[in-house]
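Chemist: what's the 3D shape of this:
(one chain, ligands or ions: 1)
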Amino acid sequence: MLDEPVAEVYGDHWSIAGGPGVPGAEAVNHADYLPGRNVLLSAKAAIWCRLRDVETLCFGTLKANPHPDSTAEFFRELEGVLNRALDGRLRIIRPYESLSKAEVIRRGADLPLHLTFSCNDPVGDRPCGVCIKCGERRNGFPRAAGFPDRTPYAAAGTDAPG
Ligand SMILES: [Zn+2]
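Modeler: Numbering: from 1, shown residues only. Predicted structure coming up:
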């Protein structure tokens, strides 16, 4: 696990400050854009890979991701830049690029999905249950995946209906 401290860069952005500025579960899909997110995530990980002769870097980008740093073109160009900078042979893969959240959840039906984490505004070590990412997750479980969401959400009334 690599730490990615970004408070100095993002300042009082909702992703750092949390609270009322965090896009809620009903926000439009692009409301959770984090400027430069995938540049930040890839740079440190790519260097880690290069120093250990790891040649594949995986991103969990989903089909519905509307952000400019999540397109096939972006990742193709990023891969080129990283390989040029690191004199490497890194390959960036995105195995979920054609899948919805519900489809990914369905693939993991036999896994302890309640231990995974995708919240934008955690309460301690628990997902908030009300942010856009928790909303996407809650919607992915009961409607399309067909099995209960056992995620321990912090907000009352957001425990899985299933
Ligand atoms: Zn949340």
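Chemist: use CA for all of it now, contacts and neighbours both
Modeler: Will do.
Chemist: not counting its neighbours along the chain, what's nearest the spatially most central residue of the chain?
Modeler: When the chain is reduced to its mean C-alpha position, the nearest residue by C-alpha atoms, centre = their mean turns out to be S118, at 6.0 Å. Taking C-alpha to C-alpha, 6 or more residues apart in numbering, and ignoring the residues beside it in sequence, S118 has K133 as its nearest neighbour in space, at 6.1 Å.
Chemist: just checking, what packs against the one helix or strand that neighbour maps to?
Modeler: Secondary-structure assignment from DSSP states H and E places K133 in helix 132-139. The helices and strands touching helix 132-139, judged by 3 or more C-alpha pairs under 8 Å, 6 or more residues apart in numbering; DSSP states H and E, are helix 101-107.
Chemist: send over the helix it packs on as CSV, restricted to the C-alpha atoms.
Modeler: What follows is the C-alpha trace of helix 101-107 in CSV, where atoms were taken according to Å, rounded to 0.1, in the frame of the first residue of the first chain:
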residue,chain,number,x,y,z
LYS,A,101,-20.6,-0.9,-10.8
ALA,A,102,-23.3,-3.5,-10.6
GLU,A,103,-21.5,-5.8,-13.1
VAL,A,104,-18.3,-5.5,-11.0
ILE,A,105,-20.2,-6.2,-7.8
ARG,A,106,-21.8,-9.3,-9.5
ARG,A,107,-18.3,-10.6,-10.4
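Chemist: counting contacts, what elements does it pack onto?
Modeler: Looks like helix 101-107 contacts helix 132-139 (3+ C-alpha pairs under 8 Å, 6+ apart).
Chemist: now with 6 Å?
Modeler: The elements that helix 101-107 packs onto, with contact taken as 3 or more C-alpha pairs under 6 Å, 6 or more residues apart in numbering; DSSP states H and E, do not include any helix or strand.
Chemist: now for the closest residue in space to G18 that isn't next to it in sequence, how many residues are close by?
Modeler: Sequence neighbours aside, D121 is the residue nearest to G18 in space, at 5.5 Å (criterion: C-alpha to C-alpha, 6+ apart). Using other C-alpha atoms under 10 Å, D121 has 26 neighbouring residues.
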